[in-house]
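# Take a look and give me a structure for this.
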Amino acid sequence: MTRPPKQTLPILAALAGTIAVGAWLRAPASPAPYLWNDEAWRAQLIAAPGSLFDTLARAQVEGFWFLLTDWLFGRLGLLLFESPEWAFRFWPFVFGVAGLLAIYEFVRRIAGPGAGLCAAALVAVGPGFIYHAREFKPYALDLFASALCLAVATRNGKRAGAPGFGLITALHAFALSSLCFVFVYPAIVLYRFFARGDRSPGAVLALASPAVTFALYFFLFLGPQGSETSAPQLFWNQFYPTSWENLKFLAGEFRHGANLFFLFGWGVLLVATLFGVPFVARRKRDGAIWLLWVPFAMNALFAAFEQYPLFGRSGYFLYAILIAGFSYACAGILGAIPRERRAQVWIPALVLGVGLALATDRRDPYAIGARLERPLPEALERARHWPPDMGREAFALARKNLAPGDRLLLSPNAYYTFLAYRNRDFAAHPELTQPPPGRTRQQMMVRDETTLRLCESAVSKRRGGPENVRYWIVTSMRYDPSIYQDALGQAGGLEWALRAPYQGLARWTPAPDFTCPTSPSIEAFQFSSLTDWAVHAIPIQGFPRFFQLRLHLDTDPGAELEWTLALRNADGSLVASRDLGPRTPRGEPRWINVTPRDFPEAPASAFQHAQALEFRMRSRNGRRSELRVHEARVH
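Numbering: from 1, shown residues only. Predicted structure coming up:
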């Protein structure tokens, strides 16, 4: 690789301005939003007294996981800042800004300072890069570590054919700081081996040593920790290219993500990556294609084996590499054009880019031109105010209105936020700050996976206690807030203290004799299907208010599944049907709710006469599919 052009004063001034803008866009808000959901439980885990090994032991018991860098930077932040929001969110800000310098240096070395400035500017103002760097999560560190190692990989060692001490040191640090190591590290090894000639036994051993470091870190530190709960697993299962439906979903996710992270729309990014990068790399013969293509190939390989999602926010660093490839391709193509003819090329190219941006998915509010009512300034303003302050108002109202004898109940998402702030926000309520040892979770958290689970866990808090107790329920970030109204509203006395259940606080005074409506469970069943429809019908007497199923769907790899629910009358005529969708993921058994709202085409009177709930399932491509319903309850 030839030595990159020198950086001129205008380039350095423009870079300084880009870094300043990027820092302003990423600066934590004041007052900072409360830590929430997985931010809160990770922060609460790290802030608890004890050593790293004590934290690791608690993670194993509670079923959580954290990275070594989470613990290191979290503990350092607690020494520097009193505010827990600043203590933990300061580091994503630092790495978000440092990532701009790293991506600039990487692209500068493979394509020149102008291209480096272009890449840094696009990352600086990409809405996705901004708001995913504002949470206590590893995304900003992933980008910084990836770009830094890619930049160092392009530098020459002191001896020809040697990777250099700086690169090996950076790779070892990368191995201990980010799971993205497994995608970027092979790209660097292949680049150094084929493009830079690092083929001596010493060079090969040096390049192999970071893999040993990562293996030890993974098996000794990450392996013993708890795994993700079934809900995140079920969410991320759709990001694996294991079925035709998942592939269609991933195509849409790439389009959405590219529009979210890249200002000129997904079409430009796709063309530059697939065609521009190999064209320029072949012309320059610099081996940069290893660095720009292999991370995506590795991510796709891991996703095919269901080990790491493809695209989505976990691919934060990949979108930065996409932008690096875009800048590399543009600079290379422009450099191949005679200087006197460049004006004839870049003006039509700019018009084409703007046109493609305007033609991107108009349902996506983050692409330029996607919606005239949400232009780029508004998208940036929205990103600057991420994450939303889901907890502050809810906890402030609860703290203000809690009276002697009142109880505080918390959804799972809100529970760990309460633990992070209880000593500060509820100091006047010692019954909340000093609960009986080991009973906080059982006393205060309600499970809201299903209406039945919510109802039973809420009612169980009354057992053995006084009647006419008033409850304050913090429900923020519940993605289906109607479940609270469905499960608890029938008990009477359910009032929303904020704008909506999604915003966060309900006051509930249930009737003294209220019990959860139940009926005998329906016998469990299972059935399999190949290409023909498999049918199983459950007799019912009128469609109930709630119908809950605890099911497990198991399919052979590559199975394309189609399954539906149908309500039928006594004579077998169809009342209504519901397509349950082809992407119901495999994994742990889960509950699903079926209510009359799921059959919007049927009149309300039709449900009174339904006599059977029918399951219909088949595999579209002949692969085995098995549905096991462990439990079915009618309410």
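
# okay, CA-based contacts and neighbour counts for the rest of this
Will do.

# Give me the phi and psi angles of residue 35.
phi -60, psi 140 (degrees, to the nearest 10).

# Surely residue 123 is in contact with residue 318?
No. The criterion here is Cα atoms under 8 Å, and residue 123 misses it with residue 318 at 11.7 Å.

# Show me which of these two is the more surrounded one.
Per other Cα atoms under 10 Å, whichever of residue 123 and residue 318 has more neighbours is residue 123, with 28 against 25.

# Identify the residues contacting that one.
Residues near residue 123 by Cα atoms under 8 Å, 6 or more residues apart in numbering: 100, 129, 261-262, 320, 323.

# quick one: which of these sit in strands?
Among the contacts of residue 123, the subset assigned to strands under DSSP state E is empty.

# Of the residues you listed, which is the nearest to residue 381?
residue 129 (13.0 Å; Cα to Cα).

# That closest one: neighbour count?
By other Cα under 10 Å, the residues close to residue 129 number 28.

# For it, report the pLDDT, please.
Per-residue confidence (pLDDT) for residue 129: 89.

# before we move on, what about the one 4 residues further on?
The predicted local confidence for residue 133 comes out at a pLDDT of 84.

# For residue 48, which non-adjacent residue is spatially closest?
If the residues on either side of it in the chain are set aside, residue 48 comes closest to residue 55, at 7.6 Å by Cα to Cα, 6 or more residues apart in numbering.

# And residue 84, by the same measure?
Leaving out its chain neighbours, the residue that sits closest to residue 84 by Cα to Cα, 6+ apart is residue 78, at 7.0 Å.

# For that neighbour, list the residues it contacts.
Counting by Cα under 8 Å, 6+ apart, the residues that residue 78 touches are 47, 84, 87-88.

# mind running it again at 10 Å?
Shown in contact with residue 78 (Cα atoms under 10 Å, 6 or more residues apart in numbering): 46-47, 84-88.

# How about the secondary structure of it?
helix (DSSP: H, G, I helix; E, B strand; the rest coil).

# Please, where are all the strands along this protein?
With DSSP E as the criterion, the chain has strands at 407-410, 471-474, 494-496, 505-508, 525-529, 534-539, 547-555, 561-568, 574-579, 590-594, 612-619, 625-634.

# Return the list of helices and strands in contact with the first one.
Right, the one you point to is strand 407-410. Judged by 3 or more Cα pairs under 10 Å, 6 or more residues apart in numbering; DSSP states H and E, strand 407-410 is in contact with helix 392-401, helix 412-425, helix 430-433, helix 440-444, helix 451-460, strand 471-474, strand 505-508.

# where are the low-confidence patches of the stretch 201-350 of the chain?
226-235, 263-266, 339-350 (pLDDT under 70).

# so of the contacts of residue 123, which ones are in helices?
100, 129, 261, 320, 323 (DSSP state H).

# now, of the helices and strands packed on strand 407-410, which is deepest in the fold?
Highest mean neighbour count of these: strand 471-474, a mean of 27 (counted as mean count of other Cα atoms under 10 Å).

# my guess is residue 402 contacts residue 429, does it?
Yes. Here residue 402 reaches residue 429: they are 8.8 Å apart, a contact under Cα atoms under 10 Å.
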